[in-house]
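Colleague: My questions are about this predicted structure, shown below with the sequence.
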Amino acid sequence: MIPYQLVRSKRKTIAICITKDAQVEVRAPLRAPISSIEGFLIQKESWIETQLKQRKQELEKQAAFSVEEGDHLLFLGREYPVHLSPDCEKPSFDGEQFLLPQQDFSRNKPLIAALYKSLAQNYIEKQVEVYSRLIGVVPSAVKVGSADTRWGSCSGKNSLNFTWKLMLASKEAVDYVIVHELCHILHHNHSTWFWREVEKVMPDYGERKKLLFKLQKHLLEEGW
């Protein structure tokens, strides 16, 4: 039997999830018998082993990933060279290159994320202003965080939240996410009416959306 962690809740069905650290998590109803849970695991054993192998390979790639002198970092879909300097105290980006402290990548990685977050706040705020006028809405706030599973979100109070990881995407993809969330101010759902609003501003939103799937793979491989 494959080792697993059992999480019970008021759900109706049994589901299997492979966690970020390559563990098997089984989500089951409160009263589901262990025999049923483990029977389901046996039934899905081949699928689980495939997913575990894939996730472990991803973790190995993430552990091996590093940014050194001569490497490149993405900004709005373009690659820029990286230069490490002993005189640099914190990362910066001048529009032509990234300047990083000359130290181990494990120390630079959170500093790079902080730089991206600052760049994201600046770029996204400007683009939100542009598209707000086009759509005819005004968000109550615009924030940038480090969400892993969402590019952006719109709260019930019309506060927009975006992940800094969008800064690795192309401008076309970033602007799509901005328009998507602004249209949620008009429709807090994904109804036909919502998608019509998105299409009014961005008729090619479908193609822009596909660009994000490619970026997801890139982020996963590098462990951002």
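Modeller: Yep, that arrived.
Colleague: from here on, contacts and neighbour counts on C-alpha atoms
Modeller: OK.
Colleague: Break down this protein into its strands, ranges please.
Modeller: 5-9, 15-18, 24-29, 72-75, 78-85, 92-93, 98-101, 141-145, 152-154, 159-163 (DSSP state E).
Colleague: As CSV, those with mean neighbour count and distance to Ile124 would be great.
Modeller: CSV is the format used below for the strands of the chain (neighbours: other CA atoms under 10 Å; distance: least, CA to CA, whole Å):
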stretch, mean neighbour count, distance to Ile124
strand 5-9, 13, 38
strand 15-18, 16, 33
strand 24-29, 19, 36
strand 72-75, 17, 13
strand 78-85, 16, 17
strand 92-93, 16, 17
strand 98-101, 22, 20
strand 141-145, 16, 8
strand 152-154, 20, 11
strand 159-163, 21, 8
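Colleague: To Asn189, which of those lies closest?
Modeller: Each of the strands of the chain has some distance to Asn189 by CA to CA; the shortest is strand 152-154, at 10.1 Å.
Colleague: got the strands of the chain as JSON lines, with distance to Pro110 and mean pLDDT columns?
Modeller: Converted to JSON lines, the strands of the chain look like this (distance: least, CA to CA, whole Å; pLDDT from 0 to 100):
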{"stretch": "strand 5-9", "distance to Pro110": "30", "mean pLDDT": "96"}
{"stretch": "strand 15-18", "distance to Pro110": "25", "mean pLDDT": "95"}
{"stretch": "strand 24-29", "distance to Pro110": "28", "mean pLDDT": "96"}
{"stretch": "strand 72-75", "distance to Pro110": "14", "mean pLDDT": "96"}
{"stretch": "strand 78-85", "distance to Pro110": "15", "mean pLDDT": "96"}
{"stretch": "strand 92-93", "distance to Pro110": "13", "mean pLDDT": "96"}
{"stretch": "strand 98-101", "distance to Pro110": "12", "mean pLDDT": "96"}
{"stretch": "strand 141-145", "distance to Pro110": "13", "mean pLDDT": "96"}
{"stretch": "strand 152-154", "distance to Pro110": "21", "mean pLDDT": "96"}
{"stretch": "strand 159-163", "distance to Pro110": "15", "mean pLDDT": "97"}
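Colleague: Make CSV from those and add distance to Leu212 to it.
Modeller: As requested, the strands of the chain are exported to CSV (distance: least, CA to CA, whole Å):
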stretch, distance to Leu212
strand 5-9, 31
strand 15-18, 22
strand 24-29, 27
strand 72-75, 14
strand 78-85, 14
strand 92-93, 23
strand 98-101, 23
strand 141-145, 17
strand 152-154, 12
strand 159-163, 13
